[in-house]
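> Provided below are the primary sequence and the corresponding predicted coordinates.
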Protein chains: 2
Amino acid sequence: MSITANDPNRKTWIETSPNTDFPIQNIPFGVFLTRDDIITIGTRIGDTAIDLGALHQLGYFEGIPLTDDIFLQDSLNDFISDGKKTWRLVRNRIAEIFDVENETLKNNEEHRKIVLFALNEIEMQLPVVVGDYTDFYSSKEHATNVGKMFRDPDNALLPNWLHMPVGYHGRSSSIIPSGIPVHRPQGQKLINGAKEPIFGPSRLVDFELEMAFITTDANHLGEPIPIEEAEDYIFGLVLFNDWSARDLQKWEYVPLGPFLGKNFASSISPWIVTLDALEPFRVEGPKPVKKQFPYLQYKGKKSYDINLEVSIEPENAVETVVAKTNFKYMYWNMAQQLAHHTVNGCPVNSGDMMGSGTISGPTPESYGSMLELSWRGEKPVQLKEGGSRKFIEDNDTVIMRGYCQNKKVRIGFGEVKTKLLPVFKK
Amino acid sequence: MSITANDPNRKTWIETSPNTDFPIQNIPFGVFLTRDDIITIGTRIGDTAIDLGALHQLGYFEGIPLTDDIFLQDSLNDFISDGKKTWRLVRNRIAEIFDVENETLKNNEEHRKIVLFALNEIEMQLPVVVGDYTDFYSSKEHATNVGKMFRDPDNALLPNWLHMPVGYHGRSSSIIPSGIPVHRPQGQKLINGAKEPIFGPSRLVDFELEMAFITTDANHLGEPIPIEEAEDYIFGLVLFNDWSARDLQKWEYVPLGPFLGKNFASSISPWIVTLDALEPFRVEGPKPVKKQFPYLQYKGKKSYDINLEVSIEPENAVETVVAKTNFKYMYWNMAQQLAHHTVNGCPVNSGDMMGSGTISGPTPESYGSMLELSWRGEKPVQLKEGGSRKFIEDNDTVIMRGYCQNKKVRIGFGEVKTKLLPVFKK
């Protein structure tokens, strides 16, 4: 089925600025509270939010096989379960409804009043109930940087790294949408040179710039997903800030991996941009350094050219962009990650989230964490209005943004913006 | 509120055998499909399953603040959210209804027909939707055995182990109830002495004998749970077989911990035995070897005396008990685990599951995994009808059982029984 929603020449009757992340070619999906405190699934064109629950009740999705309440839900999980064909039908229909030449809704003031919202009238929610969240570690540059700092500079990559997309299970309960502040975590840490650990606030709170993809129901227990089918089970992507407390992580992570150093919070952008919308931005990935097992071999372009940046905004000060990178640098792509995750028969469900791992590029400005940008604190990052940062300080806000751009269209993710509050006090 | 349901002298009008795991003092909770294919929450006395949804509709829980459909659900999550006070009221009421001296239901044949089921008329389901599953590593004997085998025999415990209940996040989607078979997983492994990994079926499939506890909603993002409150948030426990593929695990687990070596399946017993029912079996835990941080220090008895055993049943052969151990050996208790898990503000929700880690005791017969019982395959375990096992073979069934016993009462968990099938073929 062709993705007519992606037509780069389509214009819309909704007012949009030329640089918006959300032109009519994007049509992302999210969940929001309306001005009437009703929760609904919606999309967004420019700075206008669109209530898909109301649109459906008014009959605008006639002919598409959808249950009556599919958009009147507090999560996208059921809609995502409907599968790729339905997602396409719905995106194509939304594009038609808001096409500049379609006057049906455009000329129906009563319907417009019910369906359209200004962004300040809504409150974005978590778009999915995340059953399981997995975090990969798929940037070769990031894994190499970390290996150089903490292990052996001459053998920075561990032996398994070039053979598989290394990953681990994260915590779903602390995934939060953009805008929800996070407290500096406390925990155990071993200060360099000390013999015994101490307890207290983390001193090395960091962001990790990632993308995360959201899956649909993909397989049953025991059944692997072949790599050539993997992208059929990916609904879309969000920006992902995998908050990390480096000192807690370092002390706790041997031998079972990161735990409290990660699970105090992970922040996502609230609009899921579909994999369909990213279709024009497919690019070749990095060439494999080592031959890969057949279950990880793929054909065609499975990487995506997504520009990414991170800013730090201290309290009452302007933000400073501290990193610029691109999703295309990832050594292991999403199809490989999903094929690997299921090769042992692990089941994947609707709403599961898989993080890419920190996205670092080849140059020092393109590193995706303060750990790398400040090289363990040795090279503080200068801020615009003076001062510098080795890691994130109390009341700093971290903002991540991402977009794809070609000559005809820009498809963006908006932002994920999170303030770090001081340690929680009862 | 006193737990009158625990009265050891109470007798029931339901027929029970003297050695049942489920006397009227147990009153566990589970979810089952009835003979009419209706899903309901239920309990069990002896070999009789009791439909709590029907009991509630018939008015037997009058006076207890419960929503009408609280038991007519496919999971216990909402009931568990109601909190400890409600769980106690319901258990106490069930004890009254089935007390030998209470003739109300006993003499109402029509009601009995609706409410009571033979075990072969029902099909047990997963009792909760597990939002997040965490696995700890809290047996000192197990951690020491693994450290001796894979690291340094003279420094078997890693430096952090005596300071914190080390844990990691597991996969919720592959948690399955007793009776669901599991396929031997495939994956990458590095054969001893080889330079490059190979791909194929795991040759070292193992069980891990664990207990897991199920929580209620415990805290908000950012807010730690003090150790003295931790047990208030524990609903109950199940037997837990944390299936492991040792060869996959060994190759993949550095540096982010176990992943595909674990997430192909984790099996649980279907009846959740409440922490309240285990009250008579509290015991002192092992004395701390090192002083613990204040957030991990506790008063009173927080360990539980639960006898555990594992059997292997080859196809068409009798089972052989291969391990006998006890939950009381755990170095870190559940209250410590929950306090540690939340000290950084990680939120815990209703239905979350936390595994103890493999429960090994001090003697070789009390080790909780084949890895330890056969000492990496060096000492095969003999089976009753001949043959032996280093690890689990295709078509073997692994059965775990557990019970508490004092002079007056036995509170058991039933069993978790899982067959290992050959590699999945499409």
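That came through, no problem. Just so you know, these numbers come straight off a predicted model, no measurement behind them.

> Which strand or helix spans the nearest residue to residue A:27 once chain neighbours are set aside?
Among residues not flanking residue A:27 along the chain, residue A:91 sits closest, at 4.8 Å (C-beta to C-beta, 6 or more residues apart in numbering or on different chains). All C-beta atoms are positioned from the backbone trio N, CA, C, and that covers glycine. Assigned by DSSP states H and E, residue A:91 belongs to helix A:84-97.

> who's in contact with the residue of the stretch 201-350 of chain A found nearest chain B?
Residue nearest to chain B within the stretch 201-350 of chain A (C-beta to the nearest C-beta): residue A:257, separated by 2.4 Å. Residue A:257 is in contact with A:168, B:168, B:253, B:255-258, counting by C-beta atoms under 8 Å, 6 or more residues apart in numbering or on different chains.

> Look at it and tell me its secondary structure.
coil (DSSP: H, G, I helix; E, B strand; the rest coil).

> Residue A:143 too?
Residue A:143 - assigned by three-state DSSP - is helix.

> And the nearest residue to residue A:327 once chain neighbours are set aside, how close does it get to residue A:412?
Excluding the flanking residues, the one nearest residue A:327 by C-beta to C-beta, 6+ apart is residue A:306, at 3.8 Å. Between residue A:306 and residue A:412 the computed distance is 9 Å (C-beta to C-beta, to the nearest Å).

> anything in contact with each of these two?
Between them, residue A:306 and residue A:412 share the contacting residues A:402-404, judged by C-beta under 8 Å, 6+ apart.

> Now go through those and say which are in strands.
Using DSSP state E, A:402-404 are the members of these that sit in strands.

> so which of these is the most crowded?
In terms of neighbours by other C-beta atoms under 10 Å in any protein chain shown, these top out with residue A:402 at 28 neighbours.

> mind listing what that one touches?
Residue A:402 neighbours (C-beta under 8 Å, 6+ apart): A:211, A:239, A:269, A:306-309, A:327, A:412-413.

> pLDDT wise, what is residue A:206 at?
Per-residue confidence (pLDDT) for residue A:206: 98.

> Look up how far residue B:73 lies from it.
Counting by C-beta to C-beta, the gap from residue A:206 to residue B:73 is 41 Å.

> now the helices: where do they sit in the stretch 151-300 of chain A?
Per DSSP state H, counting those that start in this stretch, the stretch 151-300 of chain A carries helices over the ranges A:246-252.

> Low-confidence bits of it, can you list those?
Within the stretch 151-300 of chain A, not a single segment meets pLDDT under 70.

> In which helix or strand does residue A:62 reside?
Using DSSP H and E, no helix or strand contains residue A:62.

> What number of neighbouring residues does it come out with?
Around residue A:62 there are 9 residues (other C-beta under 10 Å).

> Domain-wise, how is chain A divided?
A:4-124, A:133-421 (automatic domain parsing).

> what's the closest of those to residue B:81?
Closest to residue B:81 of these is domain A:133-421 (C-beta to C-beta; 14.0 Å).

> Quick check: end-to-end length of the closest one?
24 Å (C-alpha to C-alpha, to the nearest Å).

> Around chain B, pick out the residues from the stretch 1-150 of chain A.
A:131-132, A:134, A:137 (C-beta under 8 Å from any C-beta of the partner chain).

> how about the strands in the stretch 101-250 of chain A?
Here the stretch 101-250 of chain A has its strands, by DSSP state E, counting those that start in this stretch, at A:116-118, A:123-124, A:133-136, A:167-169, A:175-177, A:182-183, A:186-189, A:198-201, A:205-206, A:209-215, A:234-241, A:244-245.

> export those strands to TSV and tack on mean neighbour count?
Output for these, formatted as TSV (neighbours: other C-beta atoms under 10 Å in any protein chain shown):
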stretch	mean neighbour count
strand A:116-118	17
strand A:123-124	18
strand A:133-136	26
strand A:167-169	25
strand A:175-177	22
strand A:182-183	23
strand A:186-189	24
strand A:198-201	14
strand A:205-206	26
strand A:209-215	27
strand A:234-241	27
strand A:244-245	28
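
> Reformat those strands into TSV and put distance to residue B:174 next to each item.
Output for the strands of the stretch 101-250 of chain A, formatted as TSV (distance: least, C-beta to C-beta, whole Å):
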stretch	distance to residue B:174
strand A:116-118	40
strand A:123-124	31
strand A:133-136	12
strand A:167-169	11
strand A:175-177	20
strand A:182-183	29
strand A:186-189	29
strand A:198-201	34
strand A:205-206	31
strand A:209-215	15
strand A:234-241	20
strand A:244-245	26
